[in-house]
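>>> model this:
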Amino acid sequence: MSPRRVLLALLGLLLSLSPILGMRVSQELEVLAVADQYRPSTLVVESSHCTMGSANRVWDRDGSSRMVYEHSRCFLEGRVEGSAERLHVGADRVESHRPGDEIAIYYAPALEPFGAAGQNLRLTLQAGGHPRDFARQQLWLWPIGFAFILAYLLALEGVYVWTPRFARWRAGPEGWIAPGEGAAPAFGFAFVAFGLLWIQGDLRNESQGLWIAGIILVAIGLPFVVRPLVQVDTVAGTTRRCLALGPLQWRRAARPIGDAPRVEVVGPSIDESEPGLIVRGGSETIPLMRSADADGLRRLARELAERLDCGVRDKLAEAERRAASKATGEPLGAARSSRLPALLQTAALVLLPVLLIASVPALHRPLLVQLLSRDVPQLASLQRLSASALSGQDEPEVLHELVLVANTTRGSLQEAALVAIEETAGIESPAPDLRERLRTVNAWAATRLGRTTDGNGGVLAWYPVAEIWRDEIDDIASPDPREAWVAWAGFGPVEFADPAAFLRAVGPALVDPRPLSFAVKRGSFLMGPGPDAPAFEGQPVPLSAHRHHALVSTVGSALALRYWTYDDVGGGEFPEDFEAWWARYAQERLLPPLPSSDR
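Prediction:
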């Protein structure tokens with residue numbers, strides 16, 4: 001990093017810190033404005049007392065003991081210009097002042113009566129000086145502190161810039177110095193400057209151990225300020241790498257250059273991202289330095305070659321010329337044609353496996369079935385394509401999944417599944433009514449799979465409940481009324497976005513005949529049915545205590561109640577006879593009848 005860039009970085013640091021300086025100066029100006037309100041006055045002492053004291057027993061040499069009282073907060077109470085006031089003082093002043101004594105103070109009656117640690121902000125002793133003088137001192141501490149930071153930063157930059165010159169003076173006329181760059185000198189300058197400021201003492205002259213923190217900051221920043229140097233002894237024919245900070249140097253062992261030396265400017269390598277300067281002599285290759293400043297490296301290379309009386313090879317420039325020649329000498333069409341075979345090869349490597357999987361049903365069938373089984377709305381388009389691609393395949397796992405999709409979804413995905421099953425079954429003229437189409441498809445699939453449909457022509461009883469919901473259904477069947485009620489109360493629109501998602505996940509549980517342990521009644525348990533009551537309500541109370549008024553008594557029928565709560569299922573008003581309503585609705589939708597104990 002050049003001195004100019006370092007200076008710009010330091011100026012940027014100061015600009016970033018200037019808002020802090022402005023904020024603190026404005027705060028201190030506010031304090032100064034408050035301090036101007038104090039005027040000389042007198043406190044006439046009337047009484048004194050101490051609070052929050054502590055007592056300790058002290059043993060003397062003769063074996064006797066006595067109590068020593070220590071006071072943490074003491075006050076003198078009296079009158080100032082006719083107003084009752086209280087002054088926070090030390091215990092020694094309480095003992096030295098008696099009622100009737102007059103104490104010179106500064107008084108600001110417009111301020112708040114109490115501040116930190118019980119101090120009365122209206123009063124302050126004249127012995128400590130006028131508050132205005134103290135506020136002015138504090139106001140100047142911040143600009144002075146920032147001036148010290150600026151001075152430290154400029155001094156550090158001077159040390160950084162002059163470090164190679166110190167090394168040149170020490171090397172003598174036969175030596176040659178190549179100054180390297182620090183890792184992050186501006187970063188190091190900032191840490192060292194703040195560390196020195198803390199060591200000097202903080203801005204309020206309370207250096208209580210802050211010098212330790214300052215030493216830590218200086219220790220962090222110093223490695224970034226130290227400059228790497230390369231020293232070449234042109235008489236002895238040796239090179240030496242070292243680290244330097246001003247006149248201080250830490251040298252490494254010297255290395256001989258060898259016979260017939262040559263200086264080279266090389267480009268970035270695998271391990272280094274910047275160009276470098278090296279010296280080759282005989283079998284020796286000595287790396288000297290790395291820098292992003294290629295022109296600076298070339299200048300140093302010429303200087304060193306002149307000292308060593310040898311040649312210079314600029315490999316960096318050669319590489320740049322080769323790259324420019326390759327870019328300008330090759331026609332654009334040739335470049336495109338040379339890339340074309342590679343593109344074709346990549347396309348072939350990607351497309352051939354895809355075509356192979358698509359052409360072999362045994363390979364793509366499991367993937368398509370798995371895709372159909374996912375209840376993810378974002379995959380609806382892919383699921384429609386999968387259903388169409390499975391047309392004509394009558395394997396049991398394919399039919400099993402297509403039938404479930406046809407019975408638990410709506411819209412284009414359901415239509416795609418129906419068409420696939422009908423083409424597989426050879427149904428050339430499907431019925432125009434959706435219910436009849438489903439009934440026909442279900443009947444054919446039942447025959448093909450060796451199964452039977454339920455009383456409404458449905459097939460949900462063929463399938464298990466989705467795995468992630470099996471524990472929830474088991475909880476609804478719990479003999480503990482509270483546990484069962486908590487699990488049931490969250491079903492419906494709370495868990496599933498629409499009726500189709502409900503049927504896909506837990507529709508098979510509509511035929512669950514396990515008994516219910518809690519009660520569900522029409523209306524509310526408190527007010528019963530009414531215009532302001534809910535359609536139905538469940539409570540964690542035993543079903544046996546409300547059996548005559550309970551709406552349902554099995555797990556399957558309790559889930560049917562939750563299914564009714566969807567807006568496009570129940571239709572608003574709760575039916576007078578839920579069992580009769582469900583019988584009609586289930587027959588129209590090919591859903592299973594309620595379990596036998598609820599019919």
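>>> got a list of what the closest residue to A254 other than its chain neighbours touches?
The shortest distance from A254 to any residue other than its chain neighbours is 4.1 Å, reached at T238 (CB to CB, 6 or more residues apart in numbering). In this view, the C-beta of every residue, glycine as well, is placed from N, C-alpha and C. Neighbour list for T238: 232, 254-257 [criterion: CB atoms under 8 Å, 6 or more residues apart in numbering].
>>> again, only using 10 Å
Neighbouring residues of T238 by CB atoms under 10 Å, 6 or more residues apart in numbering: 231-232, 253-257, 286.
>>> again, but for L510
Counted by CB under 10 Å, 6+ apart, L510 has contacts 454, 458, 460-461, 465, 502-503, 554-560, 563, 582, 586, 591-595.
>>> shouldn't it be within a helix?
Yes: under DSSP: H, G, I helix; E, B strand; the rest coil, L510 falls within a helix.
>>> quick one: it and A500, what's the gap?
14 Å (CB to CB, to the nearest Å).
>>> which helix or strand contains E77?
strand 73-80 (DSSP states H and E).
>>> following element in sequence after that strand, please.
Assignment by DSSP H and E places the next element after strand 73-80 at strand 83-89.
>>> which strands and helices sit next to that following strand?
strand 39-51, strand 73-80, strand 102-107, strand 123-125 (3 or more CB pairs under 10 Å, 6 or more residues apart in numbering; DSSP states H and E).
>>> show the buried residues in the contacts of L510.
Buried members of the contacts of L510, scored by 16 or more other CB atoms under 10 Å, are 454, 458, 460, 465, 502-503, 554-560, 563, 582, 586, 591-595.
>>> so R251 touches V230, yeah?
No: contact criterion CB atoms under 10 Å: R251 and V230 do not qualify, at 11.2 Å.
>>> look at these two and report which has more neighbours.
Between R251 and V230, counted using other CB atoms under 10 Å, V230 has the larger neighbour count: 22 against 12.
>>> pretty sure the more buried one belongs to a strand, no?
Yes: under three-state DSSP, V230 falls within a strand.
>>> phi and psi next, for the residue nearest to P256 when sequence neighbours are not counted.
Leaving aside its chain neighbours, P256 sits nearest to T238 (5.5 Å; criterion: CB to CB, 6+ apart). The phi/psi pair for T238 (degrees, to the nearest 10) reads phi -130, psi 160.
>>> so what's the residue count around L516?
Close neighbours of L516, defined as other CB under 10 Å, add up to 27.
>>> got the contact list for it?
Here L516 is in contact with 476-478, 481, 484-485, 488, 538, 543, 550-558, 597-598 (CB under 10 Å, 6+ apart).
>>> same thing with C242?
Taking CB under 10 Å, 6+ apart, we find C242 in contact with 167, 177, 227-231, 249-252.
>>> who is it paired with across the strands?
For C242, the beta-bridge partners under DSSP bridges are L229, R251.
>>> what about stretch 131-148, distance to the chain center?
40 Å (CA atoms, centre = their mean, to the nearest Å).
>>> buried residues in it?
131-132, 135, 138-139, 141-142, 145-146.
>>> confidence score at the residue nearest to A254?
Per-residue pLDDT puts T238 at 79.
>>> what is the burial count for G100?
Around G100 there are 9 residues (other CB under 10 Å).
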